[in-house]
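Participant: next come a sequence and a model predicted from it.
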Number of protein chains: 2
Amino acid sequence: MTIATAPVSVRMTLAEVRALARRVLLQVGLSGDHAHAVAETMVAGERDGCTSHGLYRLLVAAKSIRAGTVVPDAIPLLSEPARALVRVDGGGGFAQLAFETGRAMLAEKARRYGIAALALNHVVHFAALWPEVEWLADEGLVALAFTPSHAWVAPAGGTQPVFGTNPIAFGWPRPGRLPFVFDLATSAVARGEIELHRRAGKPVPDDWGYDAAGQATTDAEAVLAGAMRTFGGHKGSALAAMVELIAGPLIGDMTSAESLAADGGAGGSPLGGELIVAIDPAGFLGDQVEAHLARAEGMFAAIEGQGARLPSQRRYAARAQSMAHGVEIPAALLADIDALAAGE
Amino acid sequence: MTIATAPVSVRMTLAEVRALARRVLLQVGLSGDHAHAVAETMVAGERDGCTSHGLYRLLVAAKSIRAGTVVPDAIPLLSEPARALVRVDGGGGFAQLAFETGRAMLAEKARRYGIAALALNHVVHFAALWPEVEWLADEGLVALAFTPSHAWVAPAGGTQPVFGTNPIAFGWPRPGRLPFVFDLATSAVARGEIELHRRAGKPVPDDWGYDAAGQATTDAEAVLAGAMRTFGGHKGSALAAMVELIAGPLIGDMTSAESLAADGGAGGSPLGGELIVAIDPAGFLGDQVEAHLARAEGMFAAIEGQGARLPSQRRYAARAQSMAHGVEIPAALLADIDALAAGE
């Protein structure tokens, strides 16, 4: 007897991932420019083994477009509020195209003035920050990026949500190598991690968060309805507050609490701002950039030489594999995406 | 029978603390400009209840001066390596005068360009970073400061020292109020905390650090000779690496490992650089600064409204007390300071 079996996953090249992402984003209503920009971050997610930021995000994007919580054909507006500052008003569209619109001018200003900053305003975030800082590091610049999200995280010493997951990303150019990059949430864990526990019906450790009454709990659903903790106690909480301030009021955009209130229970992705700072090593170092970047390599060697990992190492290992052999996409996800494209 | 008792502590006004600090710093050989600048941070330490950064530091300063690990009459050199960058070469002197030399130009450039950065090079650090960011916040600017120290801290996943205690300080102006300020070491605890345990012969928790062989230990002396941990696991470790890079190689100055090697076992304070970034809220906000800073106040209210503390709250409470009633200085410390001034 022969049993017919469906494949569990499908191997795709990155070009195929890109083509699929673009096609589906266009089909669900995104304009061409946005579809191209958003597709690139999904390709980068699959390529680097960050599958939660890969093709899975097509489902999230489609939901936002259909719910009307993102403007699918927003045209980003570039301006120069001060000599070393760039602003892109994203007009309620996804953040990716806004960043693409402003990044060249940010890099140019960093080289001209030594340091510069780019504010993205009025954009919908549903991707990681590392693609932004990695792009700038590839340009030879040192980069920092910050964004609030939705108020899901309690300050240290409290139990009620104030902060978003408020990531801090950093990129450092390494001549002849992929850059040193990290992108860390200031929440104790990723929100998606709690979602996974909820779906699996598994308890979470009792130091991840609080229920709505402010009690520590192991119930994933209760934490999602209550508040997560920050990482690193009062220090992580201080950094989360900093992200709120510099990527919120400082650039004239919403705090995580305001973003959640604006969402009004629609369940959309966070809407708000992002701050990106770029510093040109040549600003302080002049013609001595090479010598000083070589000293930085000494620090990386001291870390790796004792068997400790650099933050981006796992992603880069996945990248090398993906570029050579493609990626495995779960067949169930592809079926969901097909249904999406068919308008189901 | 009457028993003569010596006072345990002496109440002094802040003006008396300032006069004492200046006099002793001059007596131990510091030039007038340095004595004034260094005395101010000691006054600020006593005033804010941070006694480990108060008059006690006179003993540390004197030790550095006598050991020849600081240049007592260094003249800071100001330069403009790029339009939005300021550099002060401290010439091996204490960092305070270098900061005073560069801060007005940093503030001016932040207002002119929207964002600016100041590198202090070749300075000896033995003070907190919060006075720097608080000064800038008092000027209405948003400020970030970073500095490496000596290689005492292991990266996450390792056990051998690479990083310094690598603080990150942040200041945010609050109209009509003292600014929001934090100054946090990226090490799990302050090094002084481990010193206190060592002196008291008390064990430390086994997650503070490792002995020189890389084993977790509760022996404070062994941790001091081995390596401390970062705060917040791999996230704190990533931030510590960032501080090394942006306040070390990026500004042409030493990493914590290089600083410790340069010290050559003399036990001097860390010698190296500091990076300070200032952003003018008016850069992005124009004439809307007031409205957006008011929204930031909403976030502070949400934190304090649930009984959680803001990072600078304890310091500011101590400050209010000190300004009204003076401070208590331990008599034993005053005796040590007297002996110092007498050249003993």
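Facilitator: Sure, I can see it. Numbering: from 1, shown residues only, chains lettered A, B, ... in the order given.
Participant: close to chain B, is the worst-scoring helix or strand of chain A on mean pLDDT?
Facilitator: In chain A, no helix or strand scores lower on mean pLDDT, DSSP states H and E than helix A:256-263, which sits at a mean of 87. Yes - applying C-beta under 8 Å from any C-beta of the partner chain, one finds helix A:256-263 touching chain B at A:257, A:258. In this view, the C-beta of every residue, glycine as well, is placed from N, C-alpha and C.
Participant: what ranges do the helices span in chain A?
Facilitator: Here chain A has its helices, by DSSP state H, at A:14-27, A:32-47, A:57-67, A:95-113, A:130-138, A:191-200, A:220-225, A:233-246, A:256-263, A:281-285, A:289-304, A:313-325, A:331-341.
Participant: how about those in CSV, adding mean neighbour count?
Facilitator: Shown next, in CSV, are the helices of chain A (neighbours: other C-beta atoms under 10 Å in any protein chain shown):
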stretch, mean neighbour count
helix A:14-27, 18
helix A:32-47, 22
helix A:57-67, 19
helix A:95-113, 23
helix A:130-138, 24
helix A:191-200, 15
helix A:220-225, 19
helix A:233-246, 25
helix A:256-263, 20
helix A:281-285, 23
helix A:289-304, 17
helix A:313-325, 14
helix A:331-341, 15
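Participant: wait, which of these is closest to residue B:57?
Facilitator: helix A:233-246 (23.4 Å; C-beta to C-beta).
Participant: packing partners of the closest one?
Facilitator: For helix A:233-246, the packing partners by 3 or more C-beta pairs under 8 Å, 6 or more residues apart in numbering or on different chains; DSSP states H and E come out as strand A:142-146, strand B:168-172, strand B:180-184, helix B:233-246, helix B:289-304.
Participant: can the longest one be found next to chain A?
Facilitator: Read that as helix B:289-304. Yes - counting by C-beta under 8 Å from any C-beta, chain A has neighbours in helix B:289-304: B:292, B:293, B:295, B:296, B:298, B:299, B:302, B:303.
Participant: what is the distance between that helix and the centre of its chain?
Facilitator: Relative to its chain's centre, helix B:289-304 lies at 27 Å (C-alpha atoms, centre = their mean, to the nearest Å).
Participant: related to what we said a few turns ago, and the helices and strands packed on helix A:233-246: which comes nearest residue B:19?
Facilitator: Across the helices and strands packed on helix A:233-246, closest to residue B:19 is strand B:180-184 (C-beta to C-beta), at 26.5 Å.
Participant: wait, which of the residues of helix B:289-304 next to chain A is closest to residue A:324?
Facilitator: Distance to residue A:324, by C-beta to C-beta, is smallest for residue B:299 among the residues of helix B:289-304 next to chain A, at 46.7 Å.
Participant: who's in contact with the closest one?
Facilitator: Neighbouring residues of residue B:299 by C-beta atoms under 8 Å, 6 or more residues apart in numbering or on different chains: A:162, A:241, A:244, A:245, A:248, A:249, A:255, A:257.
Participant: which phi and psi does the nearest residue to residue A:74 once chain neighbours are set aside have?
Facilitator: Among residues not flanking residue A:74 along the chain, residue A:93 sits closest, at 3.0 Å (C-beta to C-beta, 6 or more residues apart in numbering or on different chains). Torsion angles at residue A:93 (phi, psi; degrees, to the nearest 10) stand at phi -90, psi 180.
Participant: distance of residue A:93 from residue A:70?
Facilitator: 6 Å (C-beta to C-beta, to the nearest Å).
Participant: dump the helices of chain A into CSV; add distance to residue B:82 as well.
Facilitator: What follows is the helices of chain A, written out as CSV (distance: least, C-beta to C-beta, whole Å):
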stretch, distance to residue B:82
helix A:14-27, 38
helix A:32-47, 31
helix A:57-67, 39
helix A:95-113, 6
helix A:130-138, 17
helix A:191-200, 40
helix A:220-225, 47
helix A:233-246, 22
helix A:256-263, 34
helix A:281-285, 4
helix A:289-304, 13
helix A:313-325, 31
helix A:331-341, 48
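Participant: residue B:224: which of those is closest?
Facilitator: Minimum separation from residue B:224 across these (C-beta to C-beta) falls at helix A:289-304, 19.4 Å.
Participant: count of neighbours near residue A:176?
Facilitator: 5 (other C-beta atoms under 10 Å in any protein chain shown).
Participant: what score does it have for pLDDT?
Facilitator: Looking at residue A:176, its pLDDT reads 93.
Participant: what touches both of residue A:93 and residue A:70?
Facilitator: Common neighbours of residue A:93 and residue A:70 are listed as residue A:124 (criterion: C-beta under 8 Å, 6+ apart).
Participant: out of the helices and strands packed on helix A:233-246, nearest to residue A:74?
Facilitator: strand A:142-146 (20.4 Å).
Participant: which ones are touching the nearest residue to residue A:243 once chain neighbours are set aside?
Facilitator: With C-beta to C-beta, 6+ apart as the criterion, residue A:243 has its nearest non-adjacent residue at 3.8 Å, and that residue is residue A:166. Residue A:166 sits next to A:146-149, A:153, A:185-187, A:239-240, A:243-244, A:256 when contact means C-beta under 8 Å, 6+ apart.
Participant: which bits of the stretch 51-200 of chain A sit near chain B?
Facilitator: A:81-85, A:87, A:112-117, A:119, A:142, A:154-160, A:162, A:168, A:170, A:172, A:180, A:182, A:184, A:186.
Participant: write the ChimeraX selection for whichever of these are buried.
Facilitator: Those of those that count as buried under 16 or more other C-beta atoms under 10 Å in any protein chain shown are selected in ChimeraX with:
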select /A:81,82,83,84,85,87,112,113,114,115,116,117,119,142,154,155,156,158,159,160,162,168,170,172,180,182,184,186
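Participant: in chain A, where is pLDDT below threshold?
Facilitator: Chain A contains residues with pLDDT under 70 at A:1-4, A:344.
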